[in-house]
Structures are given as structure tokens and as C-alpha cells.
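**Student:** Build me a model from this:
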Amino acid sequence: MDTQQIASAAALLVKARRGGPLPAGLPADMRPGSVTDAHAIQDAVTAALGKPVGAFKANAPANAEPTRGAIYADTVHSSPARIPAADVPQCGVEGEVAFVFRRDLPARAAAYSRDEIAAAVDACAAIEVVTSRYQNSDAVSNLEKLADCISNGAFVHAAPTGDWRGLELGKLSVTLTVNGAPVLEQVGGHPTGDPLGVAVVLVNMMREQGGVRAGQFVTCGSCTGLRYLKPGDVCGVRFEGLGDAEVTFIP
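**Tutor:** Residues are numbered from 1 along each chain as shown. Okay, the predicted model is just below:
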């Protein structure tokens, strides 16, 4: 994609984020053809909005290119959180293991090691709130979703803990509740079995984009699947050893 195509695609998504009409999808001549294109549209949206990035969502599939999505600081909430359903109309929820960076990991030529990153983060339970800037997110391509920050709407985190190094983060007991009733209880469920590995990939993706900053979070993939709730619902997630996060969707 050229600079004008990227800017035009970003303008459509910015308009939707500012309360304008939701597009059915990106027009064919503005549609990303690669992860690089989609990330470039994301970055153009961030620049146009002028919002600081408070967190990232990241994916590191075994046989595909890693991806990341910006989560803006004004949508990052400590638990318990109350979020107007009108701001996140799909009311999608995913229970996730997340990390917060205690110090900056700035841009540099050499890759960061797993041990370096583990020494720089605290861990927590989190809920990613999912919503889309498209009329029907199921009808658009994965690259279009990536251009829209992988459909992120908000991020709710438990109090981070530094006492996580002895936990098997890919094998934690997790309970998801809706209105106080358990709807999922299982052990594990992370797509790669290694949430910290996803954080390592994110940090190294960001080395050429200025790095990551102290206080930013990274959420590392759903352990509970995606569920759509409704206004008035209260969702909670508990990860063994990482605490509880809760969000209420205000009607």
C-alpha cells in the first residue's frame, strides 16, 4: 500500500471511532494486503487520534506472522470497571493473562531475550473487551480486523503481581463468570500455551517502533474464547495466582 491508501483507510476508521458511520469494510483499494500494511493503518489511526497507547494486544501463532494491536490509554481500566455498553456495543469479552512493563524497553538493534523481558514485567488477570469499527466484523478479512487494532474496545486488569515466576502461565486454572454464575471453568486454554512468549514477541516487534514504555500492558491471547454479552451484564475472570478482573457493561 502507498502512503495515500494507508491514510485513506485510517481516515475511515478514525471517523468510525469518533462516532461516524461504521463501514461495511475497507474499500478494495484501501484494503491491507499484508500484516505490514495493516500495522501501518493502525499506526496512522493512532497518529490521527493523537491518543497515547496504554497497552497492546499481541498474537504469536506458530505458523504465521505475529501481530499486535494498539489499546488506547483512555480505554485501559483497573478492575472492577464500569464501561458504557454504547462505547463497546458488541460487549465481547475474553479472559487473558497480561503483563505490565515496570520499566522502559527502548528501541535497540539487538533482540530482547526472554529473561530480560521476564525481569521487566509483572503479571495479572485481565479481560479484553472486544468491539469493532465495522458493521459486521465477521464479514471482513483478518487483515481488515488487524487494521482496526484486532477489534479491541477496552482492557480491564487486576492488580499486577511480581510473584508470578513460579506459575505455569499456560496451565493456570481459569474461571469465567457472567452475572456471578460460572460459564467456563478449565485449566489452560491459551492458544500457544506460553503467554510470556507472546510478550517477548511483542517487545521485539516494537523495537523498531520506539520500544515499549513503563506502565504499558500487553495482553497475550484469550484463554476463554470470545463471548458476546449484553448491556447490564457483569463479567468476571479469575486466574489461579493472578487474581480477578471484572467489568460491568452499563446500559
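
**Student:** wait, what's in contact with the residue lying closest to Arg207 once chain neighbours are set aside?
**Tutor:** In space, and not counting its chain neighbours, Arg207 is closest to Ala107: 5.4 Å by Cβ to Cβ, 6 or more residues apart in numbering. C-beta here means a position set from N, CA and C on the backbone, and glycine is covered the same way. Going by Cβ atoms under 8 Å, 6 or more residues apart in numbering, Ala107 touches Met206, Arg207, Glu208, Gln209, Gly210, Gly211.

**Student:** Of all residues in this protein, which one is nearest the centre?
**Tutor:** Lys57 (2.8 Å; Cα atoms, centre = their mean).

**Student:** Would you agree that residue falls within a helix?
**Tutor:** No. Using DSSP: H, G, I helix; E, B strand; the rest coil, the secondary structure at Lys57 is strand, not a helix.

**Student:** now, among the contacts of Ala107, which is nearest to Val76?
**Tutor:** Of all the contacts of Ala107, Met206 has the smallest distance to Val76: 16.9 Å, by Cβ to Cβ.

**Student:** tell me the phi and psi of the closest residue to the closest one other than its chain neighbours?
**Tutor:** Excluding the flanking residues, the one nearest Met206 by Cβ to Cβ, 6+ apart is Val212, at 5.3 Å. Dihedral angles of Val212 (phi, psi; degrees, to the nearest 10) stand at phi -120, psi 160.

**Student:** Buried residues, stretch 233-247. List them.
**Tutor:** 233, 235-239, 241-247 (16 or more other Cβ atoms under 10 Å).

**Student:** Now do it: distance from first to last residue.
**Tutor:** Terminal residues of stretch 233-247 are spaced 8 Å apart (Cα to Cα, to the nearest Å).

**Student:** Quick one: mean pLDDT for that stretch?
**Tutor:** Averaging pLDDT along stretch 233-247 yields 98.

**Student:** List of residues touching that stretch?
**Tutor:** Counting by Cβ under 8 Å, 6+ apart, 77, 79-83, 91, 93, 95-97, 123-127, 129, 154, 156-159, 161, 164, 167, 172-180, 223-224, 227, 229, 248-249 sit against stretch 233-247.

**Student:** now, among the contacts of Ala107, which is nearest to Val218?
**Tutor:** Nearest member of these to Val218, counting by Cβ to Cβ, is Met206, at 9.3 Å.
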